[in-house]
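K.L.:
I would like to see how this sequence folds:
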Amino acid sequence: MKINYTVKLKTPALTASLGIIGKDIDVVVKVDSKGKPFFNGKHIKGILKERVTQFKLGLGESEDATKEFIDKYFGKEGNYIKDNNFDKIRFSNLVLVDENNYNIDDRYGIKIDRKTRTTVHNSLFRYEHITAGTEFKGEIEVPDKIDREDLKFILACLFHLDTIGGFKSRGIGKVDVFIKERELKYKENEEQEDIIDKIIDDVFNEENNQESSKVNLNGKLKKYSYTLSLKEPFILTGREIGNYVEVRDSIQGSTVRGAMIEYFAKSKDVSLEDLLCIEASDAISGDISLASKFITKYAIDGDKIETDKIVDPRNEIEDKSKGKGVKLERKGTSMLKAKGNEISIAINSQTKSVEDGMLFNSEYLQCDEKLIGDIVLPEGLVDENKDYTIYLGKMKSKGFGKAVIKFRKYEKERANLKARIEKLQKQAKEKILTFDLQSDLILPFNTIYNVGEQFKSLIGISEIKFIENKSYINTGKLGGYNIINNIRKVDELVITRGSVLTYEIDDFNSILPKLEEIEEKGLGLRKNEGFGRVKISSERGEK
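P.N.:
Numbers count the residues shown, from 1 in each chain. Below you'll find the model as predicted:
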């Protein structure tokens with residue numbers, strides 16, 4: 001169930017962010033990828049959680065009972081999927097109601113020495129703020145089976161939020177909260193309790209009036225193509241360096257698979273065991289950028305030229321207008337790039353101060369284009385062309401990771417493998433074929449000592465000969481966390497997406513059925529999570 005609400009600034013407010021080097025403002029307003037100010041969902045969750053705690057304790061609840069209530073609805077560590085625990089409330093970011101109706105101004109401040117009651121030397125600073133009157137909107141998603149009285153208490157606490165943002169002790173950040181869901185909102189001349197009852201009645205009535213589609217599974221599997229639209233920034237952990245979280249540069253099939261399992265595990269009509277058969281590919285925006293692709297370091301006639309070393313072994317391309325060659329450099333295989341950093345702190349509930357060493361910095365991604373992939377689901381589980389809202393990555397309850405996925409009939413690629421190989425051999429003027437990794441390939445080995453020969457033993461084709469100087473291979477380690485078994489996964493060796501392994505063969509026709517099987521089924525471990533996708537002798541050429 002979703003409850004929409006609006007926050008109106010009674011005084012200027014600050015969505016605090018770090019200062020910018022080279023700019024004479026010490027604290028700037030936090031903005032999204034479009035340059036629009038917003039308040040993080042995690043910020044709203046934090047201040048509402050604090051207000052709920054205050055009210056519970058103020059009404060005579062014990063600390064244990066209060067903690068149990070907070071853990072139930074605001075989250076705690078644990079296996080929520082296996083335990084079927086989906087009571088956590090989710091908070092979206094607060095975004096502008098009217099993206100064209102806001103102003104950002106700035107003002108000055110000073111620091112005062114508490115002992116001398118005088119200004120601290122060199123303490124003048126400048127900070128931005130959003131002007132009063134600006135309206136922001138957000139939504140709170142509550143579990144369908146939430147207790148009515150619990151929801152009533154949480155909404156009452158939401159109505160009593162009076163300040164948000166930074167620098168609140170300086171008199172800024174005062175707000176009014178309105179719940180406009182079903183055209184209901186708090187009014188000074190009405191009893192707040194009556195308004196909340198009306199809102200809750202409307203929420204539950206709408207939920208009961210929704211048509212519930214019964215899921216009928218017949219034990220068969222069906223393959224679909226999917227389109228993924230990302231509605232919020234998202235955090236996909238690549239590696240953790242101390243308190244710094246570096247994001248992955250792609251949405252792996254395992255991430256999509258986990259999100260789908262979580263979505264349908266909420267339904268009592270589908271058991272967790274029925275969902276473990278789900279298989280998903282990586283979500284990509286188009287052709288995979290291969291490691292064999294290079295690009296000129298400087299523009300030639302206004303444009304940089306892209307080439308592929310498999311078919312064009314040159315180390316530089318001639319610029320006729322300048323009479324010299326331009327060197328080539330790796331184009332790179334990253335699909336998604338970090339858009340910004342999100343800083344989080346842990347607050348001690350007793351001292352109300354930051355806990356020592358509990359400052360966290362996470363990169364986040366934002367992608368405005370639609371991503372595509374394929375997925376295998378139990379037949380009858382989904383409706384084609386229906387939108388399903390899923391959540392990806394970390395901090396899903398705090399305004400990150402919301403996405404919409406839509407399914408359609410899967411159409412197999414019609415490109416002829418034999419024709420692709422023949423075309424590549426003609427371009428390269430050699431009897432070769434390439435294995436181009438469309439996703440990370442998890443190796444069933446404890447160490448990598450000769451990746452060309454190890455890959456050859458993995459595919460089980462002895463007729464081919466590895467060509468080292470025409471292969472472009474990146475390797476790494478893959479970690480992760482199993483949310484079903486509630487254990488951390490062991491790091492596994494991988495050949496990363498975009499790698500190109502090139503082999504020589506006199507006559508590929510004899511192994512053509514085996515090559516088709518590799519493209520169809522993939523290679524390596526955890527293929528059901530989208531790993532090990534291979535395309536043989538991809539289309540190449542200069543752009």
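
K.L.:
CA only for contacts and neighbour counts going forward, please
P.N.:
Will do.

K.L.:
ok, the residue most central in space within the chain to Glu141 distance?
P.N.:
Central residue of the chain (CA atoms, centre = their mean): Phe234, 2.9 Å from the mean position. Using CA to CA, to the nearest Å, Phe234 is found at 18 Å from Glu141.

K.L.:
ditto for Phe91
P.N.:
In terms of CA to CA, Phe91 sits 7 Å off from Glu141.

K.L.:
dump the residue contacts of Ile3.
P.N.:
For Ile3, the contact set (CA atoms under 8 Å, 6 or more residues apart in numbering) comprises Glu139, Ile140, Glu141, Val142, Ile179, Glu181, Val203.

K.L.:
wait, is Gln100 part of a strand?
P.N.:
No, residue 100 isn't Gln; it's Asn. No: applying DSSP: H, G, I helix; E, B strand; the rest coil, one finds Asn100 to be coil, outside a strand.

K.L.:
Could you check how many residues crowd around it?
P.N.:
Residues lying near Asn100 (other CA atoms under 10 Å) number 8.

K.L.:
quick revisit: can you turn the buried part of the contacts of Ile3 into a ChimeraX selection?
P.N.:
Here is the ChimeraX command that selects the buried residues among those (16 or more other CA atoms under 10 Å):
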select :139,140,142,179,181,203
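
K.L.:
Including secondary structure, could the contacts of Ile3 go into TSV?
P.N.:
Shown next, in TSV, are the contacts of Ile3 (three-state DSSP):
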residue	secondary structure
Glu139	strand
Ile140	strand
Glu141	strand
Val142	coil
Ile179	coil
Glu181	helix
Val203	helix
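
K.L.:
nearest to Phe445, of the contacts of Ile3?
P.N.:
Comparing the contacts of Ile3 against Phe445 with CA to CA places Glu141 closest, at 44.2 Å.

K.L.:
Report the beta-bridge partners for the closest one.
P.N.:
Beta-bridge pairing of Glu141 under DSSP bridges involves Lys2, Arg90.

K.L.:
wait, what's in contact with it?
P.N.:
Going by CA under 8 Å, 6+ apart, Glu141 touches Met1, Lys2, Ile3, Ile89, Arg90, Phe91.

K.L.:
Would you mind measuring from the fifth one to Asp507?
P.N.:
Distance, Arg90 to Asp507, using CA to CA: 58 Å.

K.L.:
which of the two has more neighbours?
P.N.:
Neighbour count, other CA under 10 Å: between Arg90 and Asp507, Arg90 has more, with 23 against 12.

K.L.:
List the contacts of Ser292.
P.N.:
Counting by CA under 8 Å, 6+ apart, Ser292 touches Asp308, Lys309, Ile310, Arg330, Ser471, Tyr472, Ser499, Val500.

K.L.:
And it, how close does it get to Leu336?
P.N.:
Ser292 is 19 Å from Leu336, by CA to CA.

K.L.:
Repeat that for Gly286.
P.N.:
Gly286 sits 12 Å away from Leu336, going by CA to CA.

K.L.:
now Lys477
P.N.:
Going from Lys477 to Leu336 by CA to CA gives 19 Å.

K.L.:
surely Thr66 meets Leu59?
P.N.:
No: when contacts are counted by CA atoms under 8 Å, Thr66 is not listed as touching Leu59 (10.5 Å).

K.L.:
Quick check: which ranges of this protein have low pLDDT?
P.N.:
Applying pLDDT under 70 to the chain flags residues 16-25, 76-86, 180-193, 206-214, 267-268, 338, 345-358, 413-415, 480-488, 541-543.

K.L.:
Sketch out the helices for it, chain order is fine.
P.N.:
Remark: helices assigned in the chain by DSSP state H are 41-58, 63-74, 148-159, 192-209, 253-265, 272-275, 417-428, 451-459, 512-521.

K.L.:
Mind listing what's buried along the shortest one?
P.N.:
What that stands for is helix 272-275. Neighbour-count burial for helix 272-275, counted by 16+ other CA under 10 Å, picks out Leu272, Leu275.

K.L.:
just stretch 399-415 next, same as before
P.N.:
Under the neighbour-count criterion of 16+ other CA under 10 Å, stretch 399-415 has Gly399, Phe400, Gly401, Lys402, Ala403, Val404, Ile405, Lys406, Phe407, Arg408 buried.

K.L.:
Specify which member of these is nearest to Asn216.
P.N.:
For the buried residues of stretch 399-415, the nearest to Asn216 is Phe407 (17.6 Å; CA to CA).

K.L.:
and that closest one, what is it in contact with?
P.N.:
Each residue near Phe407 by CA under 8 Å, 6+ apart is listed here: Tyr224, Ser225, Tyr226, Thr227, Val382, Asp383, Glu384, Asn385, Lys386.
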